[in-house]
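In: give me coordinates for this.
(one chain, ligands or ions: 1)
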Amino acid sequence: MKTIKSVYKIGNGPSSSHTVGPYHAAKTFGARFPAADRFCVTLYGSLAFTGEGHGTGKAIRSALPGAQVLFDREKADLPHPNTMLFEAFRGGERIGANRIFSIGGGSIRIEGEPSEDEIEVYPQKSFTEILKICRDRSLNLAQFIYRMEDDQLRAYLKTVWEAMKDAVRRGLCAEGVLPGGLGVARKAKTLYEKRCYNESADVTMNRVIAAYAYAVSEENADEHIVVTAPTCGSCGVLPAVMYYMHADRGFPEDEILDALAVAGIIGNVIRTNASISGAQCGCQAEIGSACSMTAAALAALYGLNIDQIEYAAEIAMEHNLGLTCDPVKGLVQIPCIERNAVAAMRAISSVNLSRFLYSTRKISFDEVVTTMYRTGLDMNEKYRETSHGGLAQIYQGN
Ligand code: SF4
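Out: A predicted model of the protein is given here:
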């Protein structure tokens, strides 16, 4: 398995390959040529055809302010369907260029260079193998992860956590209608402020966590900076619960970072053995994975044992099995935003069950991951991010 850093990518929503990858590429290229006074970026293939609508140019310019972005829809015979040519100039002279590919999930590869995201970091391929090592060496999951990854991981998780918090805070303050023509109004702020005088503690918790999930998902839909966890469409679930545990329940940041590491390894197992792509396996692969990662993170934060963490992740995925991807108008708004909030609450319920029932469980995490993958492959194409079925077809707007 690869580094868990590649599960968490920071960039503009709403698409990991069309906005997060290009943003990441622009940041990387810009850092290579700090002396440049002008940048030009040419987009090819899928990025040239759909990048305008997906906000690829905006994402690149937010990382490289003032960059010229061109859409070349003519060039064929590309090394990758999502190809970008980055050029740096100084005083009118070209001082450097790289072809960079957005290879999915927000990851990039620079032509002629190995991608950090593709290097094998974990020889283990399944959760069962990880569980065995942790037991044999008396390690908890976070300790195992830190031993396997390089010493940059902790700092990277800190950056990820800062970006998650920023997205929650920005989303809670923002108002207005999201772009794309559906007329969906932002709701996070209203939900956060809508306290009833006789609200129970449980209702408050669910309302506040849902508001955090809305906040981040609305930031994604508005093409602002989010963190894939594991995708843009499902980016609100994990930050919602972690932010609540930190800001409202007082869990320290050090422990939140460990919990993010645990969520990362769960996302990594799913990505390795199944898929985190709605286009490949439906929304179970996106929201189901996010729910599973969040349940594991929360269980770890509560100090539950590794069996309870595994069971929480398993429950969270099991009850998202079969979840279809049918975004209305192809926008990551309906049902996506609300779905993030529901998944955050489901992650909490999964932990509550696992805490008490883990010794009675029958299904392993690896088994549910395999089931999700096979279910996804069996799914009619209409329900795999084509917007040809489900809500996308039924909803006519009003
Ligand atoms: S419905 Fe589709 S686009 Fe929306 S969150 Fe789920 S997988 Fe992503």
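In: use CA for all of it now, contacts and neighbours both
Out: Fine.
In: neighbours of residue 209, how many?
Out: Other residues near residue 209 number 29, with proximity taken as other Cα atoms under 10 Å.
In: which stretch of helix or strand covers it?
Out: Using DSSP states H and E, residue 209 maps to helix 201-221.
In: which residues does the strand or helix carrying residue 95 contact?
Out: Under the criterion of DSSP H and E, residue 95 resides in strand 93-104. By Cα atoms under 8 Å, 6 or more residues apart in numbering, the residues outside strand 93-104 that reach it are 16-18, 21-22, 25, 29, 33, 36, 80, 82-89, 108-111.
In: restrict the residues you listed to those near the ligand?
Out: Among the contacts of strand 93-104, not one lies near the ligand by Cα under 6 Å from any ligand atom.
In: of the residues you listed, which belong to helices?
Out: In helices, judged by DSSP state H, the following of the contacts of strand 93-104 are found: 21, 22, 25, 29.
In: the strand holding residue 95 vs the ligand: in contact?
Out: No: contact of strand 93-104 with the ligand (Cα under 6 Å from any ligand atom) is absent, the minimum separation being 13.8 Å.
In: state the mean pLDDT of that strand.
Out: If you average the pLDDT over strand 93-104, you get 94.
In: backbone dihedrals for the residue lying closest to residue 343 once chain neighbours are set aside, please?
Out: Spatial nearest neighbour of residue 343, chain neighbours left out: residue 291 (5.5 Å); criterion: Cα to Cα, 6 or more residues apart in numbering. Residue 291 adopts backbone torsions of phi -60, psi -40, taken as degrees, to the nearest 10.
In: before we move on, the earlier item: with distance to residue 150 added, can I get the ones in helices among the contacts of strand 93-104 in JSON lines?
Out: As requested, those are exported to JSON lines (distance: Cα to Cα, whole Å):
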{"residue": "21", "distance to residue 150": "22"}
{"residue": "22", "distance to residue 150": "25"}
{"residue": "25", "distance to residue 150": "22"}
{"residue": "29", "distance to residue 150": "23"}
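In: adding neighbour count, write those residues out as CSV.
Out: Formatted as CSV, those follow (neighbours: other Cα atoms under 10 Å):
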residue, neighbour count
21, 30
22, 34
25, 27
29, 23
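In: contact partners of the lowest-mean-pLDDT helix or strand in the chain?
Out: Here the helix or strand of the chain ranked lowest by mean pLDDT, DSSP states H and E is helix 45-54, holding a mean of 78. Identification of contacts with helix 45-54 by Cα under 8 Å, 6+ apart yields 14-15, 18-19, 56-57, 71-73, 75-76, 78, 80-83.
In: could you flag which of those residues are buried?
Out: The neighbour count (16 or more other Cα atoms under 10 Å) marks 14, 15, 18, 19, 56, 57, 71, 81, 82, 83 as buried among these.
In: any idea how far the spatially closest residue to residue 183 that is not a sequence neighbour lies from the ligand?
Out: Excluding its sequence neighbours, the residue lying closest to residue 183 (Cα to Cα, 6+ apart) is residue 177, at 6.0 Å. Separation of residue 177 from the ligand (Cα to the nearest ligand atom, to the nearest Å): 18 Å.
In: now for residue 177: which residues touch it?
Out: Contacts of residue 177 by Cα under 8 Å, 6+ apart are 183, 184, 185, 186.
In: before we move on, back to that, output the buried ones among the contacts of helix 45-54 as CSV; include the columns pLDDT.
Out: Shown next, in CSV, are the buried ones among the contacts of helix 45-54 (pLDDT from 0 to 100):
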residue, pLDDT
14, 92
15, 86
18, 87
19, 92
56, 90
57, 91
71, 92
81, 81
82, 88
83, 93
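In: now render those residues as CSV, adding distance to residue 387.
Out: CSV is the format used below for these (distance: Cα to Cα, whole Å):
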residue, distance to residue 387
14, 16
15, 15
18, 17
19, 20
56, 20
57, 24
71, 25
81, 21
82, 21
83, 25
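In: now, among those, which is nearest to residue 201?
Out: The shortest approach to residue 201 among the buried ones among the contacts of helix 45-54 belongs to residue 14, at 33.2 Å (Cα to Cα).
In: residue contacts, the closest one?
Out: 20, 54, 220, 221, 222, 223, 224, 232, 233, 332.
In: now the first one. Nearest residue, chain neighbours left out?
Out: Beyond its immediate neighbours in the sequence, the residue positioned closest to residue 20 (Cα to Cα, 6+ apart) is residue 11, lying 4.3 Å away.
In: just the fourth one next, same as before
Out: Counting by Cα to Cα, 6+ apart, residue 14 is the residue found nearest to residue 221 once chain neighbours are left out, at 5.4 Å.
In: tell me where the stretch 201-350 of the chain has helices.
Out: 201-221, 237-243, 253-273, 278-281, 283, 289-301, 306-318, 336-357 (DSSP state H, counting those that start in this stretch).
In: helix or strand next in line after the least confident helix or strand of the chain, which one?
Out: Beyond helix 45-54 on the C-terminal side, the first helix or strand identified by DSSP H and E is helix 56-63.
In: and the contacts of that following helix?
Out: Outside helix 56-63, the residues that touch it by Cα under 8 Å, 6+ apart are 11-12, 18-20, 22-24, 26-27, 30, 47, 51, 67, 69, 223.
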